[in-house]
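Student: Pasted the sequence and its predicted model underneath.
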Amino acid sequence: MRTQAEKARIFRDLHEAGTFVLPNAWDAGSARLLAEAGAVALGTTSAGLAWAHGRRDGSQTRDTVIANAAAIAEATDLPVTADLLDGFGPQPEDVGEAVRLAYQAGCVGCSIEDTTGDPDQPLYDAALAAERIAAAVEAAAALSDPFVLCARADALFAGAGDLDSVIARLQSFEKVGAPLLYAPVLMTREAVQQVLDAVATPINVLVGIGQDYDVADLREMGVRRVSLGSSLYSAAMGALHQATGELLGPGTFGWSDGALGYPTLQGMMRDT
């Protein structure tokens, strides 16, 4: 198995040139499948984790998220970055502690959102949001190994702002040293290009939610990282829903044609 230091260097280097795809695993088993499929690194997914436990996204505790990240990081030789939601607290020191815990869990990167979880005020104040990212940058810099912090501006995802406000947030995160920027729900090439034109820092783009572009387009545009978020979990649940509908409806088994067999799945897993 690679050491955490080796994973950290690999993950850092992936962000320095070119474009790579970051699939998101929701547990150790999905992590092993994604590694077998050829992924070069993995992310966790807060939504996938929550839904797999029958909970709403955003309801997870810090301990649950960190334990899940640790299980995924331990499951393969791949670098793992943790979806840490808002850092599990409003204050900059809360975010710094979340970064340290993710590193202790074996992760070599993380993402931090500017969302509050409060529908009446869905985003942190812009100044506080930047202070929180600055604290995460400081915590990451103090670690023994490289640690890629991804700073998220979630106004579009939260329905709490337009692209201009998202770009302003990303620029503020860039100013405090975030090495990677992320604005979920950029649905068009034009929106992606606007972000690329507005910042000098590499960006992550979320795909799998009906955009008008693909990975090849993003590579041509110069996007550094392409993540899947909860979309792979959604695809898996879509297949399960369709299979159940066929089984309980007409009672046929066409759904099994695309299923991975027992020997295949068994061969992907470990004894311990």
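Tutor: Nice, I can see it. Numbering: from 1, shown residues only.

Student: can you give me the helices in this structure?
Tutor: For the chain, the helices defined by DSSP state H cover 4-14, 28-36, 46-52, 62-75, 92-104, 126-141, 155-158, 163-175, 189-198, 215-221, 231-248, 262-268.

Student: Of all the ones you listed, which one comes closest to Leu149?
Tutor: Taking Cβ to Cβ, helix 126-141 is the member of the helices of the chain nearest to Leu149, at 4.9 Å. No exception for glycine: its C-beta is placed from N, CA and C like everyone else's.

Student: Could you tell me the angle between that closest one and helix 92-104?
Tutor: Following axes from the mean of the first three to the mean of the last three Cα atoms, to 10 degrees, one obtains 30 degrees for the angle between helix 126-141 and helix 92-104.

Student: on contacts alone, who are the packing partners of helix 126-141?
Tutor: Counting contacts by 3 or more Cβ pairs under 8 Å, 6 or more residues apart in numbering; DSSP states H and E, helix 126-141 packs against helix 92-104, strand 109-112, strand 148-152, helix 163-175.

Student: State the mean pLDDT of it.
Tutor: Helix 126-141 carries an average pLDDT of 99.

Student: Flag every buried residue along stretch 81-92.
Tutor: Thr81, Ala82, Asp83, Leu84, Leu85, Asp86, Gly87, Phe88, Pro90, Pro92 (16 or more other Cβ atoms under 10 Å).

Student: Write down the beta-bridge partners of the first one, one by one.
Tutor: Residues in a beta bridge with Thr81, per DSSP bridges, are Gly43, Gly109.

Student: Let's have the helices and strands packed on helix 126-141 in JSON lines, adding distance to Gly251.
Tutor: Shown next, in JSON lines, are these (distance: least, Cβ to Cβ, whole Å):
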{"stretch": "helix 92-104", "distance to Gly251": "46"}
{"stretch": "strand 109-112", "distance to Gly251": "44"}
{"stretch": "strand 148-152", "distance to Gly251": "45"}
{"stretch": "helix 163-175", "distance to Gly251": "48"}
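
Student: now for the ones you listed, which one comes closest to Thr272?
Tutor: Judged by Cβ to Cβ, the one of the helices and strands packed on helix 126-141 that comes nearest to Thr272 is helix 92-104, at 21.7 Å.

Student: what's next to the closest one, contact-wise?
Tutor: Contact with helix 92-104 is made by 62, 66, 69, 82, 84, 86-89, 110, 112, 128, 131-136, 138-140, 143, 145, 147, 149, as judged by Cβ atoms under 8 Å, 6 or more residues apart in numbering.

Student: ditto for stretch 142-149
Tutor: Contacts for stretch 142-149 (Cβ under 8 Å, 6+ apart): 4-5, 8-9, 11-12, 15, 81, 99-100, 103, 107-112, 133, 136-137, 140, 178-180.

Student: if we can go back for a sec, mind checking which of the helices and strands packed on helix 126-141 is nearest Ala47?
Tutor: strand 109-112 (12.6 Å).
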